[in-house]
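Enquirer: Need coordinates for the following:
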Amino acid sequence: MARITSPRTTQPGSPDQKWLHDYLVNVTGRPTNFDVAGRAFPASVKSYAMAPKHMARQARRKEQLAAEAEAHGHVETAHELYWDALRDFHQAQHSIHRDTPQKRHYYERLVACYDKVIQHNPHEIRRVEIPWDGNSVQCIYHPIPGKPKAPAVLYLSGIDVAKELYVEPLDNPFHRRGFHVIVMDGPGMGIGRLRGMTLRADNYELAARPVLDFLLAQPEVDPDGLAVLGAMPGAYWATRIAASDDRVRALATNGGLYAATKPIFEDLVSPRFKWHVMYMMGIDDEEEFFRAVGDLTPVGLGPAIRCPALMVINGYDEFIDLEQACAHFDSLAGAKEMWLLEDEGHRGASPAGFAGNSQIHSMLDWLRDTLKNGRALDYTRVVRIGRNAPGPYGKASAYPFGEDFWY
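Expert: Numbers count the residues shown, from 1 in each chain. Sure, this is the predicted structure:
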């Protein structure tokens with residue numbers, strides 16, 4: 001019989017914040033980003049400890065219905081339901097910040113559902129195992145159908161997500177813009193953490209190097225078209241990769257960690273972020289954790305980044321000190337562009353300045369244009385994107401930001 005772990009023991013640190021976090025989960029239906037509309041959990045979740053079971057129950061229902069559709073030959077419906085189910089199983093396992101039998105069970109169900117997505121997808125999706133540091137980095141590779149010679153993107157997602165959550169299998173924005181794409185579970189993430197690989201400030205780029213080797217070994221990948229795109233804390237890892245590997249021809253980041261100091265995880269964000277990053281790093285002691293996360297900042301790496309770089313910053317992102325972000329932008333050694341999304345917090349997935357569309361799509365447009373046409377070494381552009389602005393297509397802004405930025 002599997003050992004049952006009490007939900008009360010799954011969260012390290014900040015016990016004094018748990019009651020408030022439970023209240024916000026109950027009221028908003030969200031574990032983080034409480035400024036964003038819409039529930040992440042069903043209404044039956046009244047506290048954070050209830051999230052794994054209730055999300056798994058919802059996922060299991062979808063998985064069972066997918067199996068019924070599959071048995072009746074309705075593979076398109078099965079494909080859609082398995083995709084929905086794995087996202088719910090992801091949330092279920094992600095709400096447990098310990099390596100427990102329950103977490104592993106939910107992750108196994110996530111993997112089983114994703115395997116069904118691969119099976120029923122109309123074009124190739126491939127799991128790839130890449131040896132690194134006595135272990136194996138697991139990736140998911142999405143080559144463009146037909147495998148034409150084309151540029152490729154290493155996509156690094158937020159700190160909360162396993163690689164299976166990306167990319168949309170039937171509406172792949174990378175493919176539609178002419179990119180092969182690979183996503184990875186680096187140290188501390190997804191299956192990587194369950195294999196014992198813990199996150200440190202400087203080991204993600206080391207794990208990414210053999211992933212880039214894999215991409216460049218694929219005959220369909222243009223070696224002069226290698227780009228890295230990082231979202232939210234994935235922007236930090238993407239920055240480190242570009243700073244340490246000159247094979248990267250273009251960099252685009254959305255969010256980041258400017259700067260990951262103690263007040264961010266203690267005072268400025270939901271404790272769920274701290275619980276999860278402590279799990280990623282394999283650290284239970286808060287003081288040790290605060291010392292470790294102080295190194296999670298790309299500030300100082302700018303002079304080593306010579307490829308063209310796009311920085312997308314949300315003006316009210318809890319993880320960002322705007323002055324430090326601007327100082328990093330100033331220090332970039334190559335062509336550079338910044339989009340400042342005004343009045344947006346950390347989540348900012350479908351900002352008003354992009355008419356509700358994901359800014360990732362426009363970032364891919366920028367990467368495509370950059371790889372195709374190049375950028376002058378002294379190219380510098382800053383665009384402030386407000387609620388009614390024409391996205392990144394507006395006129396360049398004065399920089400550094402002046403008095404009009406205050407209104």
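Enquirer: Next secondary structure element downstream of the lowest-mean-pLDDT helix or strand in the chain?
Expert: Lowest mean confidence among the helices and strands of the chain (mean pLDDT, DSSP states H and E): helix 262-263, at a mean of 59. Next in sequence after helix 262-263, counting helices and strands by DSSP states H and E, comes helix 271-281.
Enquirer: helices and strands around that next one, which ones?
Expert: If you count contacts as 3 or more Cβ pairs under 8 Å, 6 or more residues apart in numbering; DSSP states H and E, helix 271-281 packs onto helix 18-28, helix 286-293. (Each C-beta comes from the backbone N, C-alpha and C, glycine too.)
Enquirer: For residue 274, find the nearest of these.
Expert: Of all these, helix 286-293 sits nearest to residue 274, with 7.4 Å by Cβ to Cβ.
Enquirer: Run a quick neighbour tally on the closest residue in space to residue 355 that isn't next to it in sequence.
Expert: Spatial nearest neighbour of residue 355, excluding adjacent residues (Cβ to Cβ, 6 or more residues apart in numbering): residue 391 at 7.2 Å. For residue 391, the neighbour count with other Cβ atoms under 10 Å is 17.
Enquirer: Repeat that for residue 377.
Expert: Residue 377: 10 surrounding residues under other Cβ under 10 Å.
Enquirer: Kindly report the same for residue 364.
Expert: Residue 364 has 23 nearby residues by other Cβ under 10 Å.
Enquirer: pretty sure it is touching residue 172, no?
Expert: No - using Cβ atoms under 8 Å, residue 364 is not in contact with residue 172, being 10.6 Å away.
Enquirer: picking that back up, and the residue nearest to residue 355, what is it in contact with?
Expert: Counting by Cβ atoms under 8 Å, 6 or more residues apart in numbering, residue 391 touches 353, 354, 355, 362, 385.
Enquirer: Skip the chain neighbours and tell me the closest residue to the fourth one.
Expert: Nearest residue to residue 362 in three dimensions, chain neighbours excluded: residue 392, at 5.4 Å (Cβ to Cβ, 6+ apart).
Enquirer: Would you mind giving the secondary structure of the one you found?
Expert: helix (DSSP: H, G, I helix; E, B strand; the rest coil).
Enquirer: what ranges of this structure fall below the confidence cut-off?
Expert: Within the chain, the stretches with pLDDT under 70 are 1-16, 160, 259-263, 267-268, 347-349.
Enquirer: For it, which segments count as strands?
Expert: 126-132, 135-142, 150-156, 180-184, 221-231, 250-254, 309-314, 336-341, 380-385 (DSSP state E).
Enquirer: Reformat those strands into JSON lines and put mean neighbour count and distance to residue 211 next to each item.
Expert: Listed next are these as JSON lines, based on neighbours: other Cβ atoms under 10 Å; distance: least, Cβ to Cβ, whole Å:
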{"stretch": "strand 126-132", "mean neighbour count": "14", "distance to residue 211": "6"}
{"stretch": "strand 135-142", "mean neighbour count": "21", "distance to residue 211": "6"}
{"stretch": "strand 150-156", "mean neighbour count": "25", "distance to residue 211": "6"}
{"stretch": "strand 180-184", "mean neighbour count": "25", "distance to residue 211": "5"}
{"stretch": "strand 221-231", "mean neighbour count": "22", "distance to residue 211": "10"}
{"stretch": "strand 250-254", "mean neighbour count": "27", "distance to residue 211": "15"}
{"stretch": "strand 309-314", "mean neighbour count": "25", "distance to residue 211": "20"}
{"stretch": "strand 336-341", "mean neighbour count": "25", "distance to residue 211": "25"}
{"stretch": "strand 380-385", "mean neighbour count": "20", "distance to residue 211": "30"}
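Enquirer: Perfect, I'm done here.
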